[in-house]
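Student: sharing a model that was predicted from the sequence below.
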Amino acid sequence: MIMSNVTPAVVLKTRFVLSNNDHFKDYIDYVDRDDAKQEQGSHEKLFSLYQDYMDNPDKTSDLFTSSSYKLSKEEKKDLKKQFETAQENKSIMWQDVISFDNKWLQENGIYDSKTHTVDEKKLIDVTRMSMNEMLKREGLEKSAVWSGAIHFNTDNIHIHVATVEPNPTRERGKRKPKTLDAMKSKVVNNILDRSQEQKKINDLIRKNMVESKKNDSSLKWKNRDIKPLFKHVYNNLPEDKKQWNYANNSIKHLRPQIDEMTKKYIEKHHKKDYDEFIKKLDKEVDVLRKTYGEGSNDKKKYENYKQNKVDDLYKRMGNAFLKEMRDYDKQQHNIKRQSERKTYSSNQKSFKSGYSLNFAMKKMEKAFSNEYDSWKNQRHYEKLQRDIEYENER
């Protein structure tokens, strides 16, 4: 895929000012201005100073906060008082600008270029999500207050947000880079709804390809090109079956063969599914690239997305093969046990048969012995009788 320089669809610019800075006072005055709105205006630089907006209220929508879409007069007075207290107590003011590519907003149903209307509720909702993430990550959930406004005076619709602590808990103004990345991601992910497309990608992996493999034996004739690899991996697996998992380092040396089985199986049975899978991944990467841009940090949001999904497919397919090997191993052990039982039974029968014959022979021998002894006794008796008769005759 050819990569060209792309301006991100969502840009987050941020800074902080100290309580003695004029911008702090200007924002407090801005809170108390009259409400007005204008969707078109002169182009100004993206990150204009806050006072650039204070003298001209016709550049923005109504102020909103974490709990109100449009502040009432009483709410404005309360907000102004909290900001004044924050300044008196030397709080830091964090100023954030979330800027959008209008075309991208239109593609995602937020902006209509023909009527110049904006789904302000949606933009306020995503701003709240972004700010909640920031407060949580920076430990400001219980101490900070913020207000925001949507601005229409430049070529790019954008949102200004100001955050202070009426009772400061920190002196450090700089926020963690991961916090800023998370803020932007919350905005993007809650406008760019790719859940259906991502579900289709996951279904191709899990339902179409992996589930099909689970129900298809590698030892069938139609999978004869996989069978040698299957037997090789099976014969080289460790004895401990708990280690028969694709991610386990103890079978790392077998992963190339497992991956080769996956590749062969997909090429033979799921080529169309895999081609569609790759096309959808390329589409997702392109969408994310247009959304985040190509900055070194922004690319991290998507540069590994495609490879991670391919790796996920191979991992799941590999575990399907290993599950089949566990079943095959169990089957082999059952066959071995049955064979051993048959051998034992046959030996028992032979033993019993041999024992019976031996017993019969001994009985015959004993009978013959008894008969012989009886015959000898009879002969002796007869001889003795003859000897007695002979003596009498004399």
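Tutor: Cool, got the structure.
Student: separation between residue 334 and residue 68?
Tutor: 69 Å (C-beta to C-beta, to the nearest Å). For glycine as for every other residue, the C-beta is placed from the backbone atoms N, C-alpha and C.
Student: ok, those two, which is more surrounded?
Tutor: residue 68 (15 against 10; other C-beta atoms under 10 Å).
Student: would you say the more buried one is within a strand?
Tutor: No. The assignment for residue 68, made by DSSP: H, G, I helix; E, B strand; the rest coil, is coil rather than a strand.
Student: settle this for me: it is touching residue 76, isn't it.
Tutor: No. Residue 68 lies out of contact with residue 76 (C-beta atoms under 8 Å); the separation is 9.9 Å.
Student: so where's the stretch 201-350 of the chain shaky on pLDDT?
Tutor: 339-340, 342-350 (pLDDT under 70).
Student: where exactly do the helices run in it?
Tutor: Counting by DSSP state H, counting those that start in this stretch, the stretch 201-350 of the chain has helices at residues 211-214, 227-235, 255-269, 271-292, 305-393.
Student: give me the element the spatially closest residue to residue 125 that is not a sequence neighbour is part of.
Tutor: Excluding its sequence neighbours, the residue lying closest to residue 125 (C-beta to C-beta, 6 or more residues apart in numbering) is residue 190, at 7.2 Å. Residue 190 is part of helix 177-191, with elements assigned from DSSP states H and E.
Student: pull the residues that contact that helix.
Tutor: 9-10, 12, 14, 96, 98, 105, 108, 110, 122, 125-127, 129-134, 137-138, 291-292, 297, 301 (C-beta atoms under 8 Å, 6 or more residues apart in numbering).
Student: ok, 7 Å please
Tutor: Applying C-beta atoms under 7 Å, 6 or more residues apart in numbering, the external contacts of helix 177-191 come out as 10, 12, 14, 98, 108, 110, 126, 129-130, 133-134, 137-138, 291, 297.
Student: those residues in strands, which ones?
Tutor: Those of the contacts of helix 177-191 mapping onto strands are 10, 12, 14, 98, per DSSP state E.
Student: please indicate which of those are buried?
Tutor: 10, 12, 14, 98 (16 or more other C-beta atoms under 10 Å).
Student: distance to residue 28 and pLDDT added to these, as CSV?
Tutor: Formatted as CSV, these follow (distance: C-beta to C-beta, whole Å; pLDDT from 0 to 100):
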residue, distance to residue 28, pLDDT
10, 29, 93
12, 24, 93
14, 20, 92
98, 22, 94
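Student: retrieve the pLDDT associated with the nearest residue to residue 70 once chain neighbours are set aside.
Tutor: Excluding the flanking residues, the one nearest residue 70 by C-beta to C-beta, 6+ apart is residue 62, at 4.4 Å. Note on residue 62: pLDDT of 78.
Student: distance of the closest residue to residue 171 other than its chain neighbours from residue 19?
Tutor: Closest residue in space to residue 171, ignoring its immediate chain neighbours: residue 92 at 7.6 Å, by C-beta to C-beta, 6+ apart. Note on residue 92: its distance to residue 19, by C-beta to C-beta, is 7 Å.
Student: cool, and residue 230?
Tutor: 71 Å.
Student: comparing the two, which residue is more hemmed in?
Tutor: Of the pair residue 230 and residue 19, residue 230 is the one with more neighbours under other C-beta under 10 Å, namely 20 against 16.
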